[in-house]
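K.L.:
Sequence first, predicted coordinates after that:
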Amino acid sequence: MEQALREALDRHLASARDGSTALGAAGVFGLIVPEELGGLGLDVSTAGAVLDMLGEHCEPTSFLETCVIAAQLLQGARTPAGDGVLRDIANGATVAVAGLDPRLRPGVSATPTAGGWRLDGDAQLVLDGASADYLLVAARTERYTSALLLVPATTDGVIAKAYPTIDGRAAADLRFINAEAALLATDVEDALSEAGDIALACLASEASGLMRRLVRDTVAYAREREQFGQPIARFQVIQHRLADMHIQARRATAIAARACQALGGHWAERARLVSAAKVTVADAGRFVGQNAVQLHGGMGMTQDLPVGRCFKRLTVIEHELGSADQHRQRFGRMTAQLAV
């Protein structure tokens with residue numbers, strides 16, 4: 001199944017004008033949405049194959065936030081409102097997720113009212129927060145540690161301040177002022193933690209695709225660029241550097257695949273492996289990205305080549321959902337716990 005997904009996406013990404021169009025043509029918006037709601041009903045681990053191909057084609061999209069994270073959270077909190085959004089996701093609607101990163105979660109509070117719930121406060125760095133059809137918000141409550149609420153983007157009391165990100169996407173800071181919301185679930189810490197691990201595994205898959213693209217493009221450029229009357233790819237020092245880049249990209253691909261395979265297993269093993277993947281792709285991505293830019297020279301950071309875009313995307317992935325140092329510590333904690 002994963003190989004078929006890769007091949008279908010590869011074809012559509014090669015011919016479509018953008019990543020979202022290709023995803024729609026390949027029919028993967030509803031990848032993990034249940035079949036009875038119009039989706040494919042596949043296991044969430046298959047999302048890694050989609051992100052891997054998006055990375056290899058250097059196509060940043062909202063697939064991860066909408067079709068993976070939001071769809072996963074909505075399936076864990078089945079309500080009529082949530083099921084309606086899952087149907088919409090399968091048909092191409094977008095969902096912005098606020099509060100998945102624990103560091104950005106405390107800014108929004110949810111309060112029960114006579115007719116439902118309301119949201120107040122600020123959510124920062126919400127990808128697609130100003131353009132999505134729905135907002136999925138993790139908020140604190142008076143009674144519960146955290147709750148998950150659904151807000152249509154057109155709801156009164158939602159103010160979005162949009163801005164571009166360095167990797168070509170868009171984010172927004174959201175302010176909620178007495179905004180009506182539908183409660184999906186309470187005590188969602190475990191669900192948010194699982195969704196965060198799924199996101200980390202998928203980001204590792206995207207990063208591995210980006211690295212393979214950088215290696216391929218850099219090898220091709222080294223064979224064309226000449227110095228002292230011959231291609232620089234003939235210089236031994238360049239060959240060694242390209243070989244090291246290839247090794248790092250292969251390491252990232254292997255650990256990303258292992259992290260995706262662990263998503264359905266024990267929570268501690270899942271956490272251990274996705275943290276290992278995070279650390280690996282952070283280190284490998286920096287090495288591959290920096291060397292690709294250096295070997296391309298000044299062209300490496302221009303908008304004319306994918307190299308600069310891939311490097312910027314890898315830089316963003318390195319800092320998403322925790323730093324490499326934080327995940328080294330988490331890996332150690334999970335390894336110790338599993339050894340008990």
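P.N.:
The structure has been received and is ready for your questions.
K.L.:
Let me know the secondary structure of L135.
P.N.:
With DSSP: H, G, I helix; E, B strand; the rest coil as the basis, L135 sits in strand.
K.L.:
ditto for L119
P.N.:
Secondary structure for L119, judged by three-state DSSP, is strand.
K.L.:
T21 now?
P.N.:
The three-state label given to T21 by three-state DSSP is helix.
K.L.:
Name the helix or strand for the nearest residue to it once chain neighbours are set aside, please.
P.N.:
Leaving aside its sequence neighbours, T21 sits nearest to H12 (Cβ to Cβ, 6 or more residues apart in numbering; 7.9 Å). For the C-beta atoms, the positions are set from N, CA and C on the backbone; glycine is no exception. Assigned by DSSP states H and E, H12 belongs to helix 2-15.
K.L.:
Name the surrounding residues that touch that helix.
P.N.:
Where contact means Cβ atoms under 8 Å, 6 or more residues apart in numbering, the residues beyond helix 2-15 that reach it are 19, 21-23, 25-26, 28, 46, 48-50, 52-54, 56-57, 59.
K.L.:
how deep is D167 tucked in, by neighbour count?
P.N.:
When neighbours are counted by other Cβ atoms under 10 Å, D167 registers 16.
K.L.:
Could you double-check that it lies in contact with E59?
P.N.:
No. With contact defined as Cβ atoms under 8 Å, D167 does not reach E59; the gap is 11.1 Å.
K.L.:
how close does G322 get to A254?
P.N.:
Distance of G322 to A254, given as Cβ to Cβ, to the nearest Å: 21 Å.
K.L.:
More neighbours: the two, which one.
P.N.:
Per other Cβ under 10 Å, whichever of G322 and A254 has more neighbours is G322, with 18 against 13.
K.L.:
Spell out the residue ranges of the strands in the stretch 1-150 of the chain.
P.N.:
95-98, 108-112, 117-127, 134-141, 147-152 (DSSP state E, counting those that start in this stretch).
K.L.:
Give me whichever of these is most buried.
P.N.:
Ranked by mean neighbour count, these are led by strand 95-98 with a mean of 28 (mean count of other Cβ atoms under 10 Å).
K.L.:
Just the residues contacting that strand, thanks.
P.N.:
By Cβ under 8 Å, 6+ apart, strand 95-98 touches 62, 65-66, 69-70, 73, 85, 89, 104, 108, 123, 126-129, 131-138, 153, 172, 174.
K.L.:
and it, how far from the chain's centre?
P.N.:
Taking Cα atoms, centre = their mean, to the nearest Å, one finds the center of strand 95-98 at 12 Å from the center of the full chain.
K.L.:
Likewise for stretch 48-64?
P.N.:
With Cα atoms, centre = their mean, you get 8 Å for stretch 48-64.
K.L.:
With stretch 191-211 instead?
P.N.:
Worked out by Cα atoms, centre = their mean, stretch 191-211 lies 6 Å from the chain centre.
K.L.:
Tell me which residues of that stretch come out buried.
P.N.:
191-192, 194-211 (16 or more other Cβ atoms under 10 Å).
K.L.:
Send me it as PDB with only the CA atoms.
P.N.:
Extracted C-alpha coordinates of stretch 191-211, given in PDB (Å, rounded to 0.1, in the frame of the first residue of the first chain):
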ATOM      1  CA  ALA A 191      -4.500  12.100  22.900                       C
ATOM      2  CA  LEU A 192      -2.400  15.300  22.300                       C
ATOM      3  CA  SER A 193       0.700  13.400  23.300                       C
ATOM      4  CA  GLU A 194      -0.100  10.600  20.800                       C
ATOM      5  CA  ALA A 195      -0.900  13.200  18.100                       C
ATOM      6  CA  GLY A 196       2.400  14.900  18.800                       C
ATOM      7  CA  ASP A 197       4.300  11.700  18.300                       C
ATOM      8  CA  ILE A 198       2.500  11.000  15.100                       C
ATOM      9  CA  ALA A 199       3.400  14.500  13.900                       C
ATOM     10  CA  LEU A 200       7.100  14.000  14.800                       C
ATOM     11  CA  ALA A 201       7.200  10.700  12.900                       C
ATOM     12  CA  CYS A 202       5.600  12.300   9.900                       C
ATOM     13  CA  LEU A 203       8.000  15.300  10.000                       C
ATOM     14  CA  ALA A 204      10.900  12.900  10.100                       C
ATOM     15  CA  SER A 205       9.600  11.200   7.000                       C
ATOM     16  CA  GLU A 206       9.200  14.600   5.300                       C
ATOM     17  CA  ALA A 207      12.800  15.500   6.400                       C
ATOM     18  CA  SER A 208      14.200  12.300   4.900                       C
ATOM     19  CA  GLY A 209      12.500  13.000   1.600                       C
ATOM     20  CA  LEU A 210      14.000  16.600   1.600                       C
ATOM     21  CA  MET A 211      17.400  15.200   2.300                       C
END
